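Student: Pasted the sequence and its predicted model underneath.
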Amino acid sequence: MVFHFHKTYTPDIEELLRHYHQSLSEKDRRRLAALEAIKLGHGGIEYITRVLGCDPQTIRDGMRELKQLPDDPAGPRVRKPGGGRKKTETQQPDLIEQVQRTIDNRTAGDPMRHDLVWTDLTPQEIAHALHEQDLSVGPRIVRRILDTLGFARRQIAKVLPGGQTPDRDPPFRHLAHLIQDFQGAGNPILSIDTKKKEFLGTLYRDGKVYCHEALKAFDHDFASLAQGVIIPHGIYDLALNHGWLHLGLSRDTTEFACDSFRLFWQSDGQRLYPQASAILLLCDGGGSNSCRKHLFKEDLQRLVNELQIPIRIAHYPAYCSKFNPIERRLFCHVTRACQGVLFDSLQTVIRLMQKTTTQSGLSVTVRVIDKLYETGRKVSDAFKQNMPIVFEPVLPKWNYWVMPQ
């Protein structure tokens, strides 16, 4: 059959058109062919069919789509809904059941919850087991089926309390009343705690950062490879949404905790709260500010005598340290700001921690306490025999006043 056209392209243009046509998606190829056929006019469909090697009906479909372009119902889709090759699990209806059967013998669960199960098999191992059953399925399809069955690759969530405190509710109700009273009086409410210590040096740290190539760290996290230690003691102001981190370079002791508060109050606290008549400190029941340590109370009494302002201590009960506001309002954001970066110097640590922010307006001040703290200190006999601490009648173990002497 011989075609007669009003115009045709040169061989070079035809070659370029073919290459460009092949680089497009299926939808764009038929629309390009339709557009070229429309430009050529009479005989254009036959000519473009020959040049591009496509079906005339494909070009007609493209012409119809071009007319609908402003309100294209297909949107960004390349094919009509339902087009393309069917999924493997659709072609093999028993495949999902066989994957389930494969992992049944390697699935564990919670005896109290029927919906909480997990397996130690990887998609590669499941695919290998299916191959042995004459089923040709790859790990990618297995992952899709596991998702259908409700399985996902998740990390262990460290959220369960390690024990229970008898009469857990009364301390929290008491804390709520305390916070309300101090807020009403315009006095500072501060949450304090020591964050996990960090090592200085080329040691691995969890997290990811954008970089041209991966940062390199030692293959072991031995303390002997570190250049030093960083102990961040935190103070968080509930009203101002501001945190202070004092980086100790020695040990986490009761004296260090009190020095950290002294530095905060003398540098910023008394300026921010010039009319304060008392301070409320929310803290855990253990660590350097343990409710069981007389040494903490003695160091705290020495601090209060110096600052000449009463401090009201409210300890969270055992197994409830995660309720301390500093944990969720400061420390988690500091961790995020520092993740994936080597703590190669003290200046790097300060810079990273200082840039901690949130959309709610959190800001952080970082300072260094360069002092050597000794361990093994003992409380004095005079303090034990004549302790001036004023314990509250309600839950005295966790609630007491330290008054200036």
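Tutor: Now that the structure is in, tell me what you want to look at.
Student: Buried residues of stretch 321-336, list them for me.
Tutor: Neighbour-count burial for stretch 321-336, counted by 16 or more other C-beta atoms under 10 Å, picks out Ser321, Asn324, Pro325, Ile326, Glu327, Arg329, Leu330, Phe331, His333, Val334, Thr335. C-beta here means a position set from N, CA and C on the backbone, and glycine is covered the same way.
Student: my bad, should have said stretch 26-35
Tutor: Judged by neighbour count (16+ other C-beta under 10 Å), stretch 26-35 contains these buried residues: Lys27, Arg29, Arg30, Arg31, Leu32, Ala33, Ala34, Leu35.
Student: nearest to Gly201, of the residues you listed?
Tutor: The closest of these to Gly201 turns out to be Lys27 (C-beta to C-beta; 55.5 Å).
Student: picking that back up, which of the buried residues of stretch 26-35 fall in helices?
Tutor: Counting by DSSP state H, the part of the buried residues of stretch 26-35 found in helices is Lys27, Arg29, Arg30, Arg31, Leu32, Ala33, Ala34, Leu35.
Student: In a markdown table, list those along with pLDDT.
Tutor: Formatted as a markdown table, those follow (pLDDT from 0 to 100):
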| residue | pLDDT |
| --- | --- |
| Lys27 | 86 |
| Arg29 | 89 |
| Arg30 | 90 |
| Arg31 | 91 |
| Leu32 | 91 |
| Ala33 | 91 |
| Ala34 | 92 |
| Leu35 | 91 |
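Student: CSV for those residues, including distance to Glu14?
Tutor: Below are these laid out as CSV (distance: C-beta to C-beta, whole Å):
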residue, distance to Glu14
Lys27, 22
Arg29, 15
Arg30, 18
Arg31, 19
Leu32, 13
Ala33, 13
Ala34, 17
Leu35, 16
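Student: Ramachandran angles for the residue nearest to Ser321 when sequence neighbours are not counted?
Tutor: Using C-beta to C-beta, 6 or more residues apart in numbering and skipping residues adjacent in sequence, the residue nearest Ser321 is Asp284, 4.3 Å away. Dihedral angles phi and psi of Asp284 (degrees, to the nearest 10) take the values phi -70, psi 170.
Student: How about Glu198?
Tutor: As for Glu198, its main-chain torsions (degrees, to the nearest 10) stand at phi -120, psi 150.
Student: do the same with Gly43
Tutor: Reported as degrees, to the nearest 10, the phi and psi values for Gly43 are phi 90, psi 0.
Student: List the contacts of the most centrally placed residue in the chain.
Tutor: For the chain, Arg336 is the residue whose C-alpha lies nearest the centre (C-alpha atoms, centre = their mean; 6.6 Å). Remark: with contacts taken as C-beta atoms under 8 Å, 6 or more residues apart in numbering, Arg336 is in contact with Thr356.
Student: That one - that's part of a strand, no?
Tutor: No: for Arg336, which was evaluated using DSSP: H, G, I helix; E, B strand; the rest coil, the result is helix, with no strand membership.
Student: For the remainder of this discussion, apply numbering that starts at 748.
Tutor: All right, first residue 748 from here; so that's Arg1083.
Student: burial measure for Lys963, as a count.
Tutor: Applying other C-beta atoms under 10 Å, we find 9 residues neighbouring Lys963.
Student: Go ahead and confirm the residue nearest to Ser1068 touches Phe1070.
Tutor: No: in this structure, Asp1031 sits apart from Phe1070 without contact. The criterion is C-beta atoms under 8 Å, and the distance is 9.4 Å.
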